[in-house]
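> Okay, predicted coordinates and the sequence, questions at the end:
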Amino acid sequence: MSRNYRIGWLPGDGIGWEVCDAARIVLDAVGFSAEYVHGDIGWDYWCSEGDALPQRTIDVLHNVDAAMFGAITSKPVKAAEEELEAKLKCKGLVYRSPIVRMRQLLDLYICLRPIRAYPGNPANYKEGINLVVFRENTEDLYAGVEFFPVPQAVSDVLAVSSKNFAPFAQLSGDDYAISCKINTRKGSERIVRAAFDYAVKHGRKKVTCVDKANVVRATDGLFLEIFRTVASEYPSIQADNANIDAITMWLLKNPFNYDVLVAPNLYGDIVSDLCAQMVGGLGFGCSGNIGAKVAVFEPTHGSAPKYSGQQKVNPIATILAAKMMLEWLGETQKAAAVEGAVARIIAEGKVRTYDMGGTATTQQMASAIASAL
Ligand code: IPM
Ligand code: MG
């Protein structure tokens, strides 16, 4: 008998509810015993409270063993402002992605994205693909340090500190924008180490660093330098690096040349979508946001508003995210059972959602997986 866990349950909006309900069907069927604590998150809370991730939800996340998150709608700055309730307008509220904030507020520094082609999935790019992406999850271009318009004080500092700033120095603050790419030694080292530790633990042969250190010298240079230092501590694991642009070609050319990938935040975001498409698309992309104390598991897809309420989308990504949660909690047998059931249903090919060329609903897919346990 497993212990009774406390699990944060944050369906979000759009199809988030449907895919989370689907994952619950499977978690219940595998005998996972938990108290689920609901957390408000998503577009509705932005419109009504001016905060898509209210403090009460952050408090929930501080008091659970792990959490599942569905999906949320994001809109550009102006559209977001327009949808605020009248009383909240013109207060200078700025919409920031709640998932990005959650990663930073809870220091969920590892974004773990396993990429596996389950045999018989008609949407596989090639059979046999089995990669793992480790994406740094709290800093880099996602640091949230941005300027538009650019204050004079920032412009002055840049003018003094970099001769490359000369072409911009004459512009007025409104004529350009700055988003800071901030990479720390600590942030880079802990994600690289996590990737190598994972490789050792799971019998993986190689770790590849994804960067653009030849051009983005300071930040990616630091990341690559740290990668090389850490790699030298793991002589049994092969280590190499690839530029973010080149690896998108090479991964398509031969995905079997890669094993574990580790990347700063934005490159990890990009490369993990490419990888997800190679194993069937976002209906199969699952993700763990993992910190030292708590972890939040999610499908990597968005809230797909056009499919919301239709029971149409593939819940496998969320079911695999639930499987990752079980693994992280140490419920390895239950995790293996869920993955086995997913693999069997895919291989049998009788129940397929629209993205796999079938007509099964979200619920039908979840029920089929639950019955295969
Ligand atoms: C992801 C998503 C998010 C990201 C979005 C929704 C903010 O693309 O989890 O990969 O950019 O990290
Ligand atoms: Mg993404």
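Ah, there it is. If you're wondering where the values come from, they're calculated on a predicted model, not measured in any experiment. Ligands and ions are numbered 1, 2, ... in the order given.
> buried ones in the strand or helix carrying I345?
Using DSSP states H and E, I345 falls within helix 332-348. Of all the residues in helix 332-348, those buried under the rule 16 or more other CB atoms under 10 Å are K334, A335, A337, V338, E339, A341, V342, A343, I345, I346. The C-beta positions use only the backbone N, C-alpha and C, and glycine is treated the same way.
> And stretch 189-198, by the same measure?
Per 16+ other CB under 10 Å, stretch 189-198 contains these buried residues: E189, R190, I191, V192, R193, A194, A195, F196, Y198.
> wait, which of the residues you listed is closest to ligand 1?
Nearest to ligand 1 among the buried residues of stretch 189-198 is I191, at 14.2 Å by CB to the nearest ligand atom.
> helix/strand/coil for that closest one?
helix (DSSP: H, G, I helix; E, B strand; the rest coil).
> Return the per-residue confidence for it.
We have a pLDDT of 98 for I191.
> and what of G302?
pLDDT, read off for G302, is 89.
> try M324
pLDDT at M324 comes out at 98.
> Name the nearest residue to Y118, sequence neighbours excluded.
Computed as CB to CB, 6 or more residues apart in numbering, the closest residue to Y118 that is not its neighbour in sequence is I346, at 4.4 Å.
> quick one: contacts for the residue in the chain that ligand 1 sits nearest to?
Closest residue of the chain to ligand 1, CB to the nearest ligand atom: S97 (4.0 Å). S97 makes contact with I72, S74, according to CB atoms under 8 Å, 6 or more residues apart in numbering.
> buried residues in stretch 29-48?
In stretch 29-48, counting by 16+ other CB under 10 Å, buried: 29-30, 32, 34, 36-37, 39-43, 45-46.
> circling back: on contacts alone, who are the packing partners of the helix holding I345?
Where contact means 3 or more CB pairs under 8 Å, 6 or more residues apart in numbering; DSSP states H and E, helix 332-348 is packed against helix 316-328, helix 362-371.
> returning to what we had before: would JSON lines of the buried residues of stretch 189-198 with distance to ligand 1 be doable?
Putting the buried residues of stretch 189-198 into JSON lines (distance: CB to the nearest ligand atom, whole Å) gives the following:
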{"residue": "E189", "distance to ligand 1": "21"}
{"residue": "R190", "distance to ligand 1": "18"}
{"residue": "I191", "distance to ligand 1": "14"}
{"residue": "V192", "distance to ligand 1": "19"}
{"residue": "R193", "distance to ligand 1": "21"}
{"residue": "A194", "distance to ligand 1": "17"}
{"residue": "A195", "distance to ligand 1": "17"}
{"residue": "F196", "distance to ligand 1": "23"}
{"residue": "Y198", "distance to ligand 1": "19"}
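> which one of those sits closest to V260?
V260 lies nearest to A195 out of the buried residues of stretch 189-198, by CB to CB, at 5.4 Å.
> after the host helix or strand of that closest one comes which helix or strand?
For A195, the host element (DSSP H and E) is helix 185-201. Heading C-terminal from helix 185-201, the first helix or strand you meet, by DSSP H and E, is strand 206-211.
> Run a quick neighbour tally on C286.
C286 is flanked by 26 other residues according to other CB atoms under 10 Å.
> could you list every residue that touches it?
Counting by CB under 8 Å, 6+ apart, C286 touches R113, P114, F297, E298, P299, T300, A317, T318, L320, A321, K323, M324.
> among these, who's most crowded?
Neighbour max across those (other CB under 10 Å) = T318, 33 neighbours.
> out of everything not next to it in sequence, what's closest to it?
T318 sits nearest to V19 (CB to CB, 6+ apart), 3.9 Å away.
> Okay, the one you found and S155: tell me how far apart.
Distance of V19 to S155, computed by CB to CB, to the nearest Å: 45 Å.
> Look at the two and report which has more neighbours.
A direct count of neighbours by other CB under 10 Å for V19 and S155 places V19 higher, at 33 against 21.
> Now do the helices in the chain.
16-29, 43-49, 55-61, 77-83, 98-105, 152-161, 166-169, 185-201, 217-231, 244-253, 265-278, 316-328, 332-348, 362-371 (DSSP state H).
> Give the rounded mean pLDDT of the helix holding I345.
Mean predicted confidence for helix 332-348 is 98.
> got the CA coordinates for it in CSV?
C-alpha atoms of helix 332-348 as CSV (Å, rounded to 0.1, in the frame of the first residue of the first chain):
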residue,chain,number,x,y,z
THR,A,332,8.1,3.3,-9.8
GLN,A,333,5.9,0.2,-10.2
LYS,A,334,2.8,2.3,-10.8
ALA,A,335,4.7,4.5,-13.2
ALA,A,336,5.9,1.5,-15.2
ALA,A,337,2.3,0.1,-15.2
VAL,A,338,1.0,3.4,-16.6
GLU,A,339,3.7,3.6,-19.3
GLY,A,340,3.1,0.0,-20.2
ALA,A,341,-0.6,0.6,-20.6
VAL,A,342,0.0,3.7,-22.8
ALA,A,343,2.4,1.7,-24.9
ARG,A,344,0.0,-1.2,-25.3
ILE,A,345,-2.9,1.0,-26.4
ILE,A,346,-0.7,2.8,-28.9
ALA,A,347,0.7,-0.5,-30.3
GLU,A,348,-2.8,-2.1,-30.6
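> Fine, thanks again, bye for now.
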